[in-house]
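J.: Turn this into a model:
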Amino acid sequence: MIEPTTGERPAPPETLDEDPALRTVMSHRLVAVDPAVSLATALQLMIAGGVRHLPVFDGPSCVGIVTETDVLRGLAACRGPYGSATLPLEAVTRPVRIVAPETSLHAAAALMDASKVDVLLVGDETDGPTGIVTATDLIRALGATAPGDARVTDVLTSAKSTRHRPERP
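T.: Here you go, the predicted model:
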């Protein structure tokens, strides 16, 4: 289901550029799985794809999402006194929210906070998910545009260059 973004008051023109749309920060690369795959396969896909979230598709429909934490918890639950058990991926899949690409970064952050999630799929009812945005993506984007004395990226770069390294005898 696409989350509605209506009912919000339009921002004054001078603030429109300060809260960009998700389409500007989302990843268009979706690494997805079928609900019947094993947890081990999901973990291998995450490692190979360099991702922490896998949308779960049953045919053309997205039925949920699985995070690296979900996979690790599931794998830990499979270890018992009698060896490894098999737990299907669908046992650890959670619902996922899909939001429109026009949704602002602040609205997406508020939705993540209210929903207690760290990922949203981006798309529409017709085409389904076309991208993904994580809390990390939002933090990077919001930090880069935050007002203040220094941009977050400048602070991080400075911290790396001034890191003290002890001398070896």
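
J.: need the contact list for the most centrally placed residue in the chain.
T.: Residue closest to the average C-alpha location in the chain (CA atoms, centre = their mean): Thr134, at 2.4 Å. Residues near Thr134 by CB atoms under 8 Å, 6 or more residues apart in numbering: 52-53, 118-119. The way it works is simple: take the backbone N, C-alpha and C, and place the C-beta from them, glycine included.

J.: Make JSON lines out of these and add neighbour count and secondary structure.
T.: Below are the contacts of Thr134 laid out as JSON lines (neighbours: other CB atoms under 10 Å; DSSP: H, G, I helix; E, B strand; the rest coil):
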{"residue": "Arg52", "neighbour count": "15", "secondary structure": "coil"}
{"residue": "His53", "neighbour count": "24", "secondary structure": "strand"}
{"residue": "Asp118", "neighbour count": "17", "secondary structure": "coil"}
{"residue": "Val119", "neighbour count": "21", "secondary structure": "strand"}
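
J.: ok, and the closest non-adjacent residue to Ala40?
T.: Once flanking residues are discounted, Ala40 sits nearest to Leu75: 7.2 Å by CB to CB, 6 or more residues apart in numbering.

J.: can I assume that neighbour sits in a helix?
T.: Yes. Counting by DSSP: H, G, I helix; E, B strand; the rest coil, Leu75 is part of a helix.

J.: Do I have it right that it meets Leu43?
T.: Yes. Here Leu75 lies in contact with Leu43, judged by CB atoms under 8 Å, at a distance of 7.0 Å.

J.: which stretches of the chain form helices?
T.: Here the chain has its helices, by DSSP state H, at 39-49, 68-78, 105-115, 135-145, 152-161.

J.: Now do the buried residues in stretch 24-31.
T.: The neighbour-count check on stretch 24-31 (16 or more other CB atoms under 10 Å) flags 25-26, 30-31 as buried.

J.: can you give me the mean pLDDT across it?
T.: Stretch 24-31 carries an average pLDDT of 92.

J.: I'd like to know how far Thr69 sits from Asp137.
T.: 17 Å (CB to CB, to the nearest Å).
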